[in-house]
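In: turn this into a structure:
(chains A and B)
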Amino acid sequence: MELRVSPTRMQLLQLKRKLAMARRGHKLLKDKRDELMRQFMELVESVRELRLEVEGKLSRAMKDFLIARMQMSSSEIGVSVLYPTRVLDFEVAESSTMGVTVPQFNPSDEGDQASGESSEMYPYGLAMTSAELDTAIDSLASVMPLLLRLAEREKSAELLAEEIERTRRRVNALEYVLIPKLEETIKFITMKLEEVERGNLTRLMKVKEMVRGGGV
Amino acid sequence: MTTSDLQIGQSYAYAVARIRQAENGLLDRNRIARILDASEMSEILRILGETEYSWAVSDVAATDYEAILTRELERVFRYVSQFVPDLTVVDLFRMKYDLHNCKVAFRALALGVDGSGLWSPLGTVSAAEIWRAATLEIGLDGFPKHARDLLGAGLDHLQLGVSGDTPADDSRLEQLADRPIDPQALDAVLDRAYFSSLDEAVYQIGSSLLTKLLRLRVDLVNMTAFLRCVRLRRGLAALRSAFIPFGDLPLELFEKLYNEPVETFVREMSMSMYDSLISEWSAFSKRKDAVAILERLGRRYFTEMCSASSAAVFFGPEPIASYLIAKENEINDLRTILVGKANGLDTESIRERLSGAYA
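Out: Residues are numbered from 1 along each chain as shown, chains lettered A, B, ... in the order given. Reported below is the predicted structural model:
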């Protein structure tokens, strides 16, 4: 269905300009969508690998905690980790990928140390606790930076997916709605103008014939 | 045997007879093997129901195994307290739970929480009283000596004052909530106060064998603390802070060994009274879980030493202490099995983590 416009030459010119712009926009958006898709697929693959790694390490940490739990009562473990000595602190920055703002989690110095070898992350004394708890805390601390990176990438993938969906809808709207409508309207105006042209020509020929025949 | 030992021994004649009978109730290897082979928690509870644990497992959900173990220990402490001439012998084993409750209280206080779910009912003083003392609601005058020392050490470390007649001062508690505490240092202070109390209690009981066993226990704690300090790269200051000074192995020895390879530690310890323990452990000394293995071997070594030493004592506090140590080990092993089984750990992994020190 064409647009409701007056079939004038001015409109035709404007619509042709719009159509050219729509085709250009469609191409650009299509390129953007394809690039976003490419980046999204790469990101999804890295998220999948990272998630497998994190799940493996978390599973290891849980097993280590289970082994520590076998040596200490639940309340002993509870009191040992009740008062944390480290806070995992991180800054959230933003970066742009194809116009999509994605988060970047940067652990601060203190946060970095939480994954390091410092003893300060063990919030308990040594006399009444088991060495198995040290192993469990080590395992969990080693997962934290990976968890942050996973959160960053999963959020980026989510935002990219939303942007891909938005771009896809725009491409489809241009490809299947706006451009066909503009084309149809242009065709309609062109036909209308041609019809008017033909009418004028017929009228002129009639007038010329009448003038020649001396009928007037 | 000294005259003092003889006098103590005579007063324990009845108690030792009761303890010898109670020792028959300890889980033997066959029973532990049956529990290990059980495929379901309900089957384990059924096996435990045939033993002294029958009261502990009644009306308790199969998943609430910690409650079962706590109830059994409560029963044992109550039972032994009925006939032991000097309750200090039982208190030696209950002080650990006072220490635990003090740790809960001071951490909860610093965090501004109430520590619910972490209190132990097994201490000599109720958890509520410890909480009231930690929050300066009551003074320390009414507490037994060891609890006073523990609470005093903690309050002193947190700069909350110690004196029993100190009136409640909310401003000091508010200040505590505003500043971070060092839980490692707090534990080091409390642990030292605990071992000091044990030392005093053992001295009060007057048993040379118990004194020897306490030194042995402290040495084992210091050995594992030393290896953990080295592994965690905590430094000499942390080693000094974690060191418990009531054992036979001096701090200087550990300081000297701090920067040495583990082989030197093995060599030095092989020349001490712990040569059999260390020679057994040396095969595992390079493993990642070497310290945990030393803990397990140390527990077994301690129990065996205790059983061997007290077997020759017919009248005295030693058989009672020996029984309570065996019971604690049995409960630790049961915890290992129950937690492992409930979480689907394979039998072999569970078996290798048992101290194997039960009767």
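In: please make it C-alpha for all contacts and neighbour counts, starting now.
Out: Fine.
In: so where is the chain shaky, pLDDT-wise?
Out: In the absence of a named chain, chain A is used. A:1-2, A:109-119, A:215-216 (pLDDT under 70).
In: can you look at chain B instead?
Out: In chain B, residues with pLDDT under 70: B:1-10, B:161-170, B:356-359.
In: which stretches of the stretch 151-300 of chain B form helices?
Out: Applying DSSP state H, counting those that start in this stretch to the stretch 151-300 of chain B gives helices spanning B:170-178, B:183-205, B:208-231, B:235-242, B:251-257, B:262-270, B:275-282, B:290-311.
In: what is the third one packed up against?
Out: Of the remaining helices and strands, those touching helix B:208-231 by 3 or more CA pairs under 8 Å, 6 or more residues apart in numbering or on different chains; DSSP states H and E are helix B:183-205, helix B:235-242, helix B:290-311.
In: report the angle between it and helix B:290-311.
Out: 180 degrees (axes from the mean of the first three to the mean of the last three CA atoms, to 10 degrees).
In: is residue A:102 in a helix, a strand, or coil?
Out: Here residue A:102 is recorded as strand under DSSP: H, G, I helix; E, B strand; the rest coil.
In: ok, the one 4 residues further on next?
Out: Look at residue A:106: counting by three-state DSSP, its state is strand.
In: try residue B:355
Out: Under three-state DSSP, the three-state class of residue B:355 is coil.
In: is it correct that it is in contact with residue B:303?
Out: No: contact criterion CA atoms under 8 Å: residue B:355 and residue B:303 do not qualify, at 9.4 Å.
In: common neighbours of those two, please.
Out: Shared contacts of residue B:355 and residue B:303 (CA atoms under 8 Å, 6 or more residues apart in numbering or on different chains): residue B:329.
In: ok, for whichever residue of the stretch 251-359 of chain B sits closest to chain A, nearest residue in space, not its chain neighbours?
Out: Nearest residue of the stretch 251-359 of chain B to chain A, counting by CA to the nearest CA: residue B:336, 4.2 Å away. In this structure, residue B:336 finds its nearest non-sequential neighbour in residue A:70, 4.2 Å apart by CA to CA, 6 or more residues apart in numbering or on different chains.
In: got it, and residue A:81?
Out: residue A:123 (6.0 Å).
In: what's the one you found sitting at in phi/psi?
Out: Phi and psi for residue A:123, reported as degrees, to the nearest 10, are phi -90, psi 40.
In: pretty sure it sits against residue B:185.
Out: No: using CA under 8 Å, residue A:123 makes no contact with residue B:185, being 9.2 Å away.
In: the more surrounded of these two?
Out: Set side by side, residue A:123 and residue B:185 show more neighbours around residue A:123, with 23 against 17, by other CA atoms under 10 Å in any protein chain shown.
In: mind listing what the more buried one touches?
Out: Applying CA under 8 Å, 6+ apart to residue A:123 gives the contacts A:80-81, A:83-85, B:182-184.
In: again, 6 Å this time
Out: A:84-85, B:183-184 (CA atoms under 6 Å, 6 or more residues apart in numbering or on different chains).
In: where do the strands of chain A begin and end?
Out: In chain A, the strands defined using DSSP state E lie at A:90-97, A:100-107.
In: against residue A:207, how distant is the residue nearest in space to the middle of chain A?
Out: Nearest to the mean C-alpha position of chain A, counting by CA atoms, centre = their mean, stands residue A:160 at 1.5 Å. In this structure, residue A:160 and residue A:207 are 67 Å apart, going by CA to CA, to the nearest Å.
In: ok, now residue B:101?
Out: For residue B:101, the distance to residue A:207 (CA to CA) stands at 115 Å.
In: which of the contacts of residue A:123 are buried, as a ChimeraX select command?
Out: A single ChimeraX command selects the buried members of the contacts of residue A:123 (16 or more other CA atoms under 10 Å in any protein chain shown):
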select /A:84,85 /B:183,184
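In: and the contacts of residue A:123 as CSV, adding distance to residue B:254?
Out: Shown next, in CSV, are the contacts of residue A:123 (distance: CA to CA, whole Å):
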residue, distance to residue B:254
A:84, 28
A:85, 26
B:183, 23
B:184, 19
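In: residue 104: how many residues sit nearby?
Out: Picking chain A for this. Residues near residue A:104, counting by other CA under 10 Å: 19.
In: should've been chain B
Out: 29.
In: wait, is it part of a helix?
Out: Yes: Residue B:104: assigned to a helix according to three-state DSSP.
In: tell me the domain ranges of chain B?
Out: Under the assignment automatic domain parsing, the domains of chain B span B:3-38+B:206-351, B:93-192.
In: turn those into TSV, columns for distance to residue A:130.
Out: Putting the domains of chain B into TSV (distance: least, CA to CA, whole Å) gives the following:
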stretch	distance to residue A:130
domain B:3-38+B:206-351	7
domain B:93-192	14
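In: for residue A:13, find the nearest of those domains.
Out: domain B:93-192 (73.2 Å; CA to CA).
In: end to end on that closest one, go ahead and measure it.
Out: Across domain B:93-192, first to last residue, CA to CA, it's 16 Å.
In: that domain close to chain A?
Out: Yes: Domain B:93-192 is in contact with chain A by CA under 6 Å from any CA of the partner chain, via B:104, B:118, B:183-184, B:187-188.
In: now do that domain: distance to the chain's middle.
Out: What separates the centre of domain B:93-192 from the centre of its chain is 19 Å, taken as CA atoms, centre = their mean, to the nearest Å.
In: same check, this time on stretch B:228-237
Out: With CA atoms, centre = their mean, you get 23 Å for stretch B:228-237.
In: one more: stretch A:28-37?
Out: Put simply, stretch A:28-37 sits 11 Å off its chain's centre (CA atoms, centre = their mean).
In: next: stretch A:178-194.
Out: How far stretch A:178-194 lies from its chain's middle: 36 Å, per CA atoms, centre = their mean.
In: only alpha carbons, please: show that stretch as CSV.
Out: Below are the C-alpha coordinates for stretch A:178-194, written out as CSV (Å, rounded to 0.1, in the frame of the first residue of the first chain):
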residue,chain,number,x,y,z
LEU,A,178,9.4,1.5,4.0
ILE,A,179,11.4,0.8,0.8
PRO,A,180,8.5,-1.1,-0.9
LYS,A,181,6.0,1.7,0.1
LEU,A,182,8.3,4.4,-1.2
GLU,A,183,8.8,2.4,-4.4
GLU,A,184,5.1,1.9,-4.9
THR,A,185,4.4,5.6,-4.1
ILE,A,186,7.0,6.7,-6.5
LYS,A,187,5.6,4.4,-9.1
PHE,A,188,2.1,5.7,-8.4
ILE,A,189,3.2,9.4,-8.7
THR,A,190,5.2,8.6,-11.8
MET,A,191,2.2,7.0,-13.4
LYS,A,192,-0.1,9.8,-12.2
LEU,A,193,2.3,12.4,-13.6
GLU,A,194,2.6,10.5,-16.9
